[in-house]
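In: here is the input, now give the coordinates:
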Amino acid sequence: MVKTYLVGRGVKDEAITTIAMGPDAEGPGGTKVPYDGSRRKVVIEIISPNG
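Out: Sure, this is the predicted structure:
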């Protein structure tokens, strides 16, 4: 769903790599991510084409 959204906004499909994270409740910076079976944690890392 997130990848489809980003591609729809102009991000090239080959520029996106997806990795399954599982139902881990630990979020970025020590935050907690609620998990009820229908939601999944998504971490997005934006890397400049220049490195």
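In: residue 46 and residue 9, how far apart?
Out: The gap separating residue 46 from residue 9 is 13 Å, by C-beta to C-beta, to the nearest Å. The way it works is simple: take the backbone N, C-alpha and C, and place the C-beta from them, glycine included.
In: what about residue 11, neighbour count?
Out: Neighbour count of residue 11, defined by other C-beta atoms under 10 Å: 13.
In: I meant residue 13, not that one.
Out: Other residues close to residue 13 by other C-beta under 10 Å number 9.
In: going forward, the N-terminal residue is numbered 7.
Out: Fine by me, first position is 7 from now on; the one you just mentioned is residue 19.
In: torsion angles phi and psi at the closest residue to it other than its chain neighbours?
Out: Nearest residue to residue 19, sequence neighbours excluded (C-beta to C-beta, 6 or more residues apart in numbering): residue 13, at 5.3 Å. For residue 13, the backbone dihedrals (degrees, to the nearest 10) come out as phi -60, psi -40.
In: measure residue 13 to residue 36 for me?
Out: For residue 13, the distance to residue 36 - C-beta to C-beta - is 31 Å.
In: neighbour-wise, which of these two wins?
Out: residue 13 (13 against 6).
In: what pLDDT does that one get?
Out: pLDDT recorded at residue 13 is 92.
In: with the one 4 residues further on instead?
Out: For residue 17, the pLDDT comes out at 89.
In: from residue 56, how far out is it?
Out: 16 Å.
In: got it, and residue 22?
Out: For residue 22, the distance to residue 56 - C-beta to C-beta - is 18 Å.
In: who's more crowded, the two?
Out: residue 22 (13 against 4).
In: which strand or helix spans the spatially closest residue to that one that is not a sequence neighbour?
Out: Leaving aside its chain neighbours, residue 22 sits nearest to residue 9 (5.3 Å; criterion: C-beta to C-beta, 6+ apart). For residue 9, the host element (DSSP states H and E) is helix 8-14.
In: what does that helix contact?
Out: 19, 22, 24, 48, 50 (C-beta atoms under 8 Å, 6 or more residues apart in numbering).
In: burial count for residue 9?
Out: Residue 9 has 14 nearby residues by other C-beta under 10 Å.
In: quick one, what contacts residue 50?
Out: residue 8 are the contacts of residue 50 under C-beta under 8 Å, 6+ apart.
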